[in-house]
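J.: I'd like to go over a predicted model; first the sequence, then the structure.
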Amino acid sequence: MKQYVFIVLFTATITLALAWAIWRLSMRFKLYPGIRERDVHTTPTPRLGGIAMFLGVCAAFAVSAQHPFFSIIWTNPQQPLALLGATSLIVLVGVADDLWDLDWMIKLGAQFLAAGIIAWFGELQIYALPIGGMTVWSGWVSFILTVFAIVVVMNAVNFIDGLDGLVAGVALIANGIFFAYSYLLVRDTGASTYFNLASFIAAMLIGACVGFLPMNWSPAKLFMGDSGALMLGLLMACSAIAITGQLDPAIIGDNDEFGRSQLLGAFIPILLPVVIVFLPLLDFGLAVIRRMRAGKSPFSPDRKHLHHRMLDMGHSDRDAVLIFYAWTAVVGLAVLLMYVGTQEDWPGQYVAGVVFGVVGVAACLIVTLMPSRRTAVAAPHLEVTP
């Protein structure tokens, strides 16, 4: 565990130092775009924070090559190099879009190319779905399913990037929960070492978010932009695929005396990677449906995302962000607790996860649908200029 803590602290330190430097340089040379109609902020703010996060991730990969505990990553150097290559591509395109607003077709093409690099050259694919021993039918099906999964998660994470600290905090919580899950899953499957690529990627992303959040917290000095949000989505998808999409279904197919593993334990490994990004996926799905019904491109920007709707309900930007944090934590932790319950002899642990989820979701619904009077009065100053 201490090796993972080191990666988190190291990545966070590098990211914070570089984020501060990029902010200073961006303000000095005016490397920031004008305010768009759909934006919530009212002061021009640099969007190049994703560069700092990317360089922090690159530094973590460089350290892993010299650290004996992480040396297993480099026994097949093709995989980490493919990850770095695809991430570099998506960050370059994201930076170009943050500076010059690229056409959505160019961005989408780059996303499919990056996902293809990971699936083809990195050989990181969804080979199995741990649900009742299900395996993917063929190599091409595995490749296509992997590419589409990566692209969907990338766009889902990018779509919620609209409030100070929103994506960085949601990704921090989601990756924290996923790190715990991947660490426990490797332990429960009887692996000889607790190290795995999924946990390493999650630890890197935790560090990158921790390091970037001080610069991005309201009022934000620096945004991560498309480069940072797309990178987070790309690596989060890869982390899930690295452990869930390649897990042997037979390992977790047995059921205990309560029948829990057969009914739920074997389903959670595919469920948890989805629920930790359920808000981005929900926002992405609603946006695509909304825009296509209006006869527009599914990637055309608007001001009807979930975070925009929360502001219109009367929540302040900071309260809306905290509510998003709560939703992510409640749903993710509930499923994680249910997974832990399926691996223990005492069924009460599973029940505790269900109760926690029901109570937590009910509390989040109340807070979401009933903004305070103080917040409702204070909200108008956040409206964007026409």
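T.: Here it is on my side, so go on. Residues are numbered from 1 along each chain as shown.

J.: surely Ala86 and Gly122 touch.
T.: Yes: Ala86 is within contact range of Gly122, at 7.4 Å (criterion: C-beta atoms under 8 Å). Using the backbone N, CA and C atoms, a C-beta is placed for each residue, glycine as well.

J.: got the contact list for Ala229?
T.: Residues near Ala229 by C-beta atoms under 8 Å, 6 or more residues apart in numbering: 50, 94, 157-158, 161, 167.

J.: circling back: who has more neighbours out of Ala86 and Gly122?
T.: Using other C-beta atoms under 10 Å, the more surrounded residue of Ala86 and Gly122 is Ala86, with 27 against 23.

J.: figure out the helix or strand that the nearest residue to Val153 once chain neighbours are set aside lives in.
T.: Distances taken as C-beta to C-beta, 6 or more residues apart in numbering place Ala237 nearest to Val153, at 3.9 Å, with adjacent residues excluded. Using DSSP states H and E, Ala237 maps to helix 225-243.

J.: now that helix: buried residues?
T.: Buried residues in helix 225-243, counted by 16 or more other C-beta atoms under 10 Å: 225-243.

J.: for it, list the C-alpha coordinates in CSV.
T.: This file holds the C-alpha atoms of helix 225-243, laid out as CSV (Å, rounded to 0.1, in the frame of the first residue of the first chain):
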residue,chain,number,x,y,z
GLY,A,225,-10.1,22.1,-20.2
ASP,A,226,-10.9,19.4,-22.7
SER,A,227,-7.3,18.1,-22.4
GLY,A,228,-7.7,17.3,-18.7
ALA,A,229,-11.3,16.0,-18.8
LEU,A,230,-10.7,13.8,-21.8
MET,A,231,-7.5,12.4,-20.3
LEU,A,232,-9.3,11.6,-17.0
GLY,A,233,-12.0,9.8,-19.0
LEU,A,234,-9.6,7.9,-21.1
LEU,A,235,-7.5,6.6,-18.2
MET,A,236,-10.5,5.9,-16.0
ALA,A,237,-11.9,3.7,-18.8
CYS,A,238,-8.6,2.0,-19.2
SER,A,239,-8.4,1.3,-15.5
ALA,A,240,-11.8,-0.4,-15.5
ILE,A,241,-10.9,-2.4,-18.6
ALA,A,242,-7.6,-3.5,-17.2
ILE,A,243,-9.1,-5.3,-14.3
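
J.: quick check, Ser64 in contact with Trp74.
T.: Yes: between Ser64 and Trp74 there is a contact under C-beta under 8 Å: 7.4 Å.

J.: now for those two: what residues contact both?
T.: Taking C-beta under 8 Å, 6+ apart as the contact rule, Ser64 and Trp74 both touch Pro80.

J.: show me which of the two is the more surrounded one.
T.: Neighbour totals were compared for Ser64 and Trp74, and Ser64 leads with 19 against 16 (other C-beta under 10 Å).

J.: tell me which residues touch the more buried one, please.
T.: Counting by C-beta under 8 Å, 6+ apart, Ser64 makes contact with 7, 70-71, 73-74, 80, 200.

J.: for PyMOL, what selects the buried ones among these?
T.: Buried members of the contacts of Ser64, defined by 16+ other C-beta under 10 Å, are picked up in PyMOL with:
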select buried, resi 7+70+73+74+80+200
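
J.: of the contacts of Ser64, which belong to helices?
T.: Per DSSP state H, helices hold the following members of those: 7, 80, 200.

J.: want to try a markdown table for the residues you listed, with distance to Tyr183 and pLDDT as columns?
T.: Compiled in a markdown table, those are given as follows (distance: C-beta to C-beta, whole Å; pLDDT from 0 to 100):
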| residue | distance to Tyr183 | pLDDT |
| --- | --- | --- |
| Ile7 | 13 | 95 |
| Pro80 | 20 | 92 |
| Phe200 | 11 | 93 |
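
J.: okay if I get those as JSON lines plus distance to Ala17?
T.: What follows is those, written out as JSON lines (distance: C-beta to C-beta, whole Å):
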{"residue": "Ile7", "distance to Ala17": "16"}
{"residue": "Pro80", "distance to Ala17": "23"}
{"residue": "Phe200", "distance to Ala17": "22"}
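
J.: of all those, which comes closest to Leu213?
T.: Nearest to Leu213 out of the ones in helices among the contacts of Ser64 is Ile7 (C-beta to C-beta; 17.1 Å).

J.: do a quick rundown of the strands in this protein.
T.: Secondary structure of the chain (DSSP state E): strands at 128-129, 134-135.

J.: follow-up on the earlier one: wait, doesn't the residue nearest to Val153 sit right on Phe148?
T.: No: Ala237 sits out of contact with Phe148 when judged by C-beta under 8 Å, with a separation of 10.2 Å.

J.: can you tell me the closest non-neighbouring residue to Trp327?
T.: Cys364 (5.2 Å).

J.: wait, what's in contact with that neighbour?
T.: If you count contacts by C-beta under 8 Å, 6+ apart, then Cys364 has 323, 326-327, 330 around it.

J.: mind redoing it with 10 Å?
T.: If you count contacts by C-beta atoms under 10 Å, 6 or more residues apart in numbering, Cys364 has them with 323-324, 326-331.

J.: of these, which is the nearest to Trp23?
T.: Phe324 (23.8 Å).

J.: could I get the contacting residues of the closest one?
T.: Contact analysis of Phe324 by C-beta under 10 Å, 6+ apart lists 160, 163, 165-167, 169-170, 173, 279-280, 283, 306-307, 310, 364, 368.

J.: neighbour-wise, which of those residues leads?
T.: Pro280 leads the contacts of Phe324 on contacts (other C-beta under 10 Å) with 30 neighbours.

J.: how close does the closest residue to that one other than its chain neighbours sit to Gly165?
T.: Spatially, and ignoring its direct neighbours in sequence, Pro280 is nearest to Ala156 (3.7 Å; C-beta to C-beta, 6+ apart). As judged by C-beta to C-beta, to the nearest Å, Ala156 and Gly165 stand 18 Å apart.
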